[in-house]
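J.: just need the structure, nothing else, for what follows:
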Amino acid sequence: MGHPKDIFKNRGPLTEQEIRDYLSGKLNDAQRRDIELKMAQDEFNLSAMAGFEETPEALAGFEKVKDSVHTNISKSGKKWQFHHTIILAVLLMAGTMILGTFVFPDHGQTTLPSEGTDESNIESIEKTTTLANEAAEDIQELSDEEIEAAVTLDELNIVHAKEVIVESPVIIDSALTSDPIYEDIAIKKSIEVKKVASATNLNIEVPTKDEIIYSNVPLIYMKNFLLVDYSKIYIDPPSIEETEIFGTSPAMANKDDEMPEVHQTELQTVVITYKDYLRETQEKFEQHDFKAALKRYKKILSKYPNDLNAHFYSGLCYFNIGKNDLAIEHFKIAKNHPYNTFQVDAEWYLAKTLCQQGKTSNCDEALNKIIKEGNYYSEQATDLMKKLE
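T.: Presented below is the predicted three-dimensional model:
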């Protein structure tokens with residue numbers, strides 16, 4: 001058995017056969033999960049699968065384009081290499097996009113395989129397609145000035161940091177479940193985090209397997225908040241660039257000098273690791289400095305547009321400063337993200353936001369869905385519905 005971390009290594013672009021096999025719905029769980037990890041690791045793979053799923057005719061041209069590339073390579077006396085696969089994929093995707101414009105003008109609709117496709121595979125395809133559609137739409141974030149001008153909700157209505165830490169479901173890394181001992185350790189760690197965060201002597205019961213959510217990507221705790229560990233996903237260590245002021249101001253010059261020199265300050269760009277930047281951001285969220293935290297999540301998203309951590313916690317920040325429309329947009333992306341870490345949480349906070357927004361019919365629909373599914377937040381959803389009656 002390989003080491004659990006092996007599943008997070010870069011797996012390269014999707015091949016034609018992998019696309020065909022995935023869309024056929026005939027793969028077993030392990031094979032399907034391997035392909036989904038490829039899609040999760042690379043936005044190009046995700047877009048390629050969504051494109052071929054929407055325009056299956058494009059697959060028919062795969063071999064023709066591949067033969068053409070092979071011919072050109074042979075003429076130069078070189079061998080097929082990794083970058084040739086990427087060239088092929090780019091050519092095919094370009095053709096898919098052009099063809100799709102005429103054959104499938106409504107990109108919001110999904111055509112799924114009708115035979116031999118199990119429900120879990122359909123759900124997976126729907127989620128990746130939805131994400132591809134949503135990711136194409138630019139969220140009009142508030143400017144820093146608009147964030148500062150916003151009014152934070154009162155203490156009774158905000159989503160408290162402690163609520164996010166203590167009342168969320170137990171989520172563990174699915175890579176650890178191949179060995180029962182890892183699962184036990186992960187569960188105990190999650191429970192311990194909840195106990196520490198609650199700062200009480202609450203008797204928190206160890207959840208059963210049915211009550212656990214298994215994340216399909218690696219996790220990390222920061223300031224007791226659960227987060228996706230992107231350092232184990234990206235090939236290059238993720239980082240954020242910050243502009244800082246260096247130099248000494250005149251006020252700090254040596255006062256013994258009769259004519260103190262005016263020390264010039266200068267702006268320099270420093271690179272901060274993603275983990276360090278996120279840790280400080282979560283600290284601001286923990287302190288209920290939602291505006292400062294939101295500005296930092298915006299900075300993360302400016303470099304990593306599909307960062308799940310930033311989308312989910314941005315949604316909470318926007319909720320807490322009364323910007324419901326933007327909160328909804330971020331929660332929808334988190335709910336439909338191929339990384340399933342915050343899907344249940346995002347669905348619940350999306351429902352709460354719709355209720356706070358006053359959209360009664362949408363609120364009722366979202367709450368009824370949670371109750372019907374019987375997921376972790378079904379009891380809270382039932383209580384909220386009673387309050388709204």
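J.: tell me which residues of stretch 277-292 come out buried.
T.: Tyr277, Leu278, Thr281, Gln282, Glu283, Lys284, Phe285, Glu286, Phe290, Lys291, Ala292 (16 or more other C-beta atoms under 10 Å). Every C-beta, even on glycine, is put in place using the N, C-alpha and C of the backbone.
J.: and the contacts of stretch 274-285?
T.: Applying C-beta atoms under 8 Å, 6 or more residues apart in numbering, the external contacts of stretch 274-285 come out as 161, 220, 222-223, 225, 227, 230-231, 237-240, 242, 290, 292-293, 296-297, 299-300, 309, 313, 316-317.
J.: of those, which belong to helices?
T.: Secondary structure assignment (DSSP state H) places Ala161, Phe290, Ala292, Ala293, Arg296, Tyr297, Lys299, Ile300, Asn309, Tyr313, Leu316, Cys317 from these within helices.
J.: per-domain residue ranges of this protein.
T.: Annotated domains of the chain cover 4-135, 144-388 [automatic domain parsing].
J.: worst average pLDDT in those?
T.: Lowest mean pLDDT within these: domain 4-135, at a mean of 53.
J.: circling back to that earlier point, which one of the ones in helices among the contacts of stretch 274-285 is nearest Asn362?
T.: Nearest to Asn362 out of those is Leu316 (C-beta to C-beta; 19.1 Å).
J.: what's near enough to touch the closest one?
T.: So Leu316 contacts Val159, Val164, Phe285, Phe290, Ala327, Tyr349 (C-beta under 8 Å, 6+ apart).
J.: from those, which ones fall inside helices?
T.: Mapping the contacts of Leu316 onto helices (DSSP H) picks out Val164, Phe285, Phe290, Ala327, Tyr349.
J.: what is the nearest of those to Asp364?
T.: Ranked by distance to Asp364 (C-beta to C-beta), the ones in helices among the contacts of Leu316 are led by Tyr349 at 16.4 Å.
J.: nearest residue to that closest one in space, please, no chain neighbours.
T.: Phe331 (5.5 Å; C-beta to C-beta, 6 or more residues apart in numbering).
J.: contacts only, for that neighbour.
T.: Neighbouring residues of Phe331 by C-beta under 8 Å, 6+ apart: Phe312, Gly315, Ala346, Glu347, Tyr349, Leu350, Thr353.
J.: then Ala351?
T.: Counting by C-beta under 8 Å, 6+ apart, Ala351 makes contact with Cys363, Ala366, Leu367, Lys369, Ile370, Ala381, Leu384.
J.: re earlier: could the ones in helices among the contacts of Leu316 go into CSV alongside distance to Lys335?
T.: Output for these, formatted as CSV (distance: C-beta to C-beta, whole Å):
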residue, distance to Lys335
Val164, 16
Phe285, 20
Phe290, 21
Ala327, 12
Tyr349, 9
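J.: go through those and say which is closest to Gln17.
T.: Nearest to Gln17, judged by C-beta to C-beta, of the ones in helices among the contacts of Leu316 is Tyr349 at 39.8 Å.
J.: look at that closest one and say how many residues are nearby.
T.: 24 (other C-beta atoms under 10 Å).
J.: and what of the one 5 residues further on?
T.: Close neighbours of Leu354, defined as other C-beta under 10 Å, add up to 22.
J.: contacting residues around it?
T.: Shown in contact with Leu354 (C-beta under 8 Å, 6+ apart): Ile328, Asn362, Cys363, Ala366.
J.: what helix or strand is the third one located in?
T.: What that stands for is Cys363. Taking DSSP states H and E as the definition, Cys363 sits inside helix 360-373.
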